[in-house]
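**Student:** this one's structure only:
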């Protein structure tokens, strides 16, 4: 089973974005980091996909995880690894 692609929409100055990157890095997960502060033309894409305006917005495959707090809660509940591996495709 291929692992789902991870995409995070971030800015450079957001501490939650830094924490999200650190968590994914600690799990050795490759991800596409779309910096909406450097590429503001991508912000409408983020808002359309997530229906939110805040960063970070995290997607694993087609699944919208939410922000850092949401991803961290999944990790603490023991559910994040199975989502990252593609074993689980719903929240």
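**Tutor:** Everything's here; your move. Quick caveat, the model's predicted, so the values are computed rather than measured.
**Student:** how about the helices in this protein?
**Tutor:** Using DSSP state H, the helices of the chain run over 15-26, 43-50, 68-76, 80-84.
**Student:** Which one of these lies nearest to residue 5?
**Tutor:** helix 80-84 (10.7 Å; CB to CB). Bear in mind the C-beta positions are built from the backbone N, C-alpha and C, glycine included.
**Student:** can you list the residues that contact that closest one?
**Tutor:** Residues outside helix 80-84 that contact it (CB atoms under 8 Å, 6 or more residues apart in numbering) are 3-4, 6, 27, 29, 60, 63, 65, 71, 74-75, 88-89, 91.
**Student:** Repeat the analysis, applying 10 Å as the threshold.
**Tutor:** Helix 80-84 is touched from outside by 3-4, 6, 23-24, 27, 29, 31, 60-61, 63, 65, 70-75, 87-91, with contacts defined as CB atoms under 10 Å, 6 or more residues apart in numbering.
**Student:** can you put the helices of the chain in CSV and add mean neighbour count?
**Tutor:** Below are those laid out as CSV (neighbours: other CB atoms under 10 Å):
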stretch, mean neighbour count
helix 15-26, 16
helix 43-50, 15
helix 68-76, 17
helix 80-84, 18
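**Student:** Dump the ones you listed into a markdown table; add mean pLDDT and distance to residue 56 as well.
**Tutor:** Formatted as a markdown table, the helices of the chain follow (pLDDT from 0 to 100; distance: least, CB to CB, whole Å):
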| stretch | mean pLDDT | distance to residue 56 |
| --- | --- | --- |
| helix 15-26 | 98 | 5 |
| helix 43-50 | 97 | 9 |
| helix 68-76 | 98 | 6 |
| helix 80-84 | 96 | 15 |
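**Student:** That concludes my questions; thank you for your assistance.
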